[in-house]
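[1] whatever this is, show me its structure:
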Amino acid sequence: MGHYNPKYPTLEELERHVFQRLQKMFGKVLTKVLEQMDAEIAEARDKRRFRLKDRRDVHIDTMFGPLTIKRNDYQDRENGRYIALLDQYLAFDGRKGFSPLLEQWAMALAVAGPSYRHAVKQLETFLGYVPMSHEALRQHLLASEVCEPKSKQPAPEVLFVEVDGLFVKQQKEKGGKKKKAKELKIALVHTGWEQDGSKRRKLKNKRHYFHTGSEPFWEGFESFLEQHYDYDATKTKLVINGDGAGWITACQEDFK
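    Residues are numbered from 1 along each chain as shown. Below you'll find the model as predicted:
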C-alpha cells in the first residue's frame, strides 16, 4: 500500500462540486420544462384573442443558478395590452428577474437578518453565486409594499399579524459622519396554519407589509388590509404579535 497514495478532494470540496454540477443539470431541466410548457400554451391558447408578437430571451435567477429561457409574448386583442401567458399560467413575473422561490427566500432572510448585505451573502454562500445585489434586494423589498394586488381575498374572520422592526444601516454622509440606522417596520399577515406533506406546519395566505409612508404605521397597515382583503374593521378580528416597542403597542389604541 506504500506506493498507493491517491489524491482525493476534501469532503467539503467534493460536496460543493457535486452540488454545483447538480445545479447546472437541474437548471437545464427547468429551462427545458419551461420552454416546453410555453410551446404547449402557445398551441392551446385562444388564437383569436392572443396574437403572438415575439419570442424573447428572459433571464431569471433561480435556486439552480441564472437561467435564460425563450418565452412567447402576446398582444391581447381585447384590451391591446402585451402579456406573457407563461407567466400567467405559472403565477410569476419574469420581468423581476427572480424565481418566486428565490424571491421568497431572499425576502425572508432580509426581514429576519441584520442587513440586506448579510442576506445576499447568505444566498451567495449557499448557492455559489450572487443572485442579486443588496441594493436590488432592498428596492424589491420596498416595492413589494406598493404593488397592487391581483385580487382581493374574501373578508376573513381572523387575521394573524406578526410585527417587527428591522434596523438597516445607511451610507455615511459626505463629511464621513455615520448616519443612524433606519428602522424598517414590517408586518407579516396570514390566515392561520396548515400542515404540508412533510408533517411541518406552514403559514396560509402570507402577505407582507413594509411601511414606507409618512403616516403612522397602523394607519398605513389598515390601508394595506383594505387593498388586499375585503376588510371590514367591525367584523375582522386581528391577532397581533410583536415586542413592546411603542409603535407596535399603539395598535391597542388604533384597533381597540
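[2] where exactly do the strands run in the stretch 101-250 of the chain?
    In the stretch 101-250 of the chain, the strands defined using DSSP state E, counting those that start in this stretch lie at 158-168, 182-190, 193-195, 201-203, 207-211, 237-241.
[3] average pLDDT across stretch 222-233?
    Average pLDDT, stretch 222-233: 82.
[4] and it, how far from the chain's centre?
    The chain centre lies 21 Å from the centre of stretch 222-233; the measure is CA atoms, centre = their mean, to the nearest Å.
[5] buried set for it?
    E222, F224, L225, H228, Y229, Y231 (16 or more other CB atoms under 10 Å). (Each C-beta comes from the backbone N, C-alpha and C, glycine too.)
[6] mind checking which of those land in helices?
    With DSSP state H as the criterion, helices contain E222, F224, L225, H228 from among these.
[7] tell me which of those residues is nearest to A84?
    Checking these against A84 with CB to CB, the nearest one is H228 at 23.9 Å.
[8] where along the protein do the helices fall?
    Going by DSSP H, the chain shows helices at 11-44, 85-90, 100-112, 116-127, 134-143, 217-228, 246-249, 251-255.
[9] show residues contacting the fourth one.
    Right, helix 116-127. Residues from elsewhere that reach helix 116-127 (CB atoms under 8 Å, 6 or more residues apart in numbering): 23, 63, 65, 102, 105-106, 109-110, 113, 130-135, 137-138, 141, 168.
[10] cool, the third one as well?
    Applying CB under 8 Å, 6+ apart, the external contacts of helix 100-112 come out as 61-63, 91-92, 96, 98, 116, 118-120, 122-123, 131-132, 137-138, 140-141, 144, 164, 166, 186, 188, 208.
[11] worst-scoring helix or strand of this protein, pLDDT-wise?
    Sorting the helices and strands of the chain by mean pLDDT, DSSP states H and E puts helix 134-143 at the bottom, at a mean of 68.
[12] just the buried subset of the contacts of helix 100-112, written out for PyMOL, thanks.
    Command for PyMOL that selects the buried part of those, burial taken from 16+ other CB under 10 Å:
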select buried, resi 61+62+63+92+96+98+116+119+120+123+131+132+137+138+140+141+164+166+186+188+208
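[13] the residue lying closest to N241 once chain neighbours are set aside: neighbour count?
    Nearest non-adjacent residue to N241, counting by CB to CB, 6 or more residues apart in numbering: E162, 5.3 Å away. Using other CB atoms under 10 Å, the number of residues around E162 comes to 17.
[14] for M25, same thing?
    11.
[15] could you list the low-pLDDT ranges of this protein?
    Scanning the chain for pLDDT under 70 picks out the ranges 1-5, 111-113, 139-155, 166-182, 196-200, 256.
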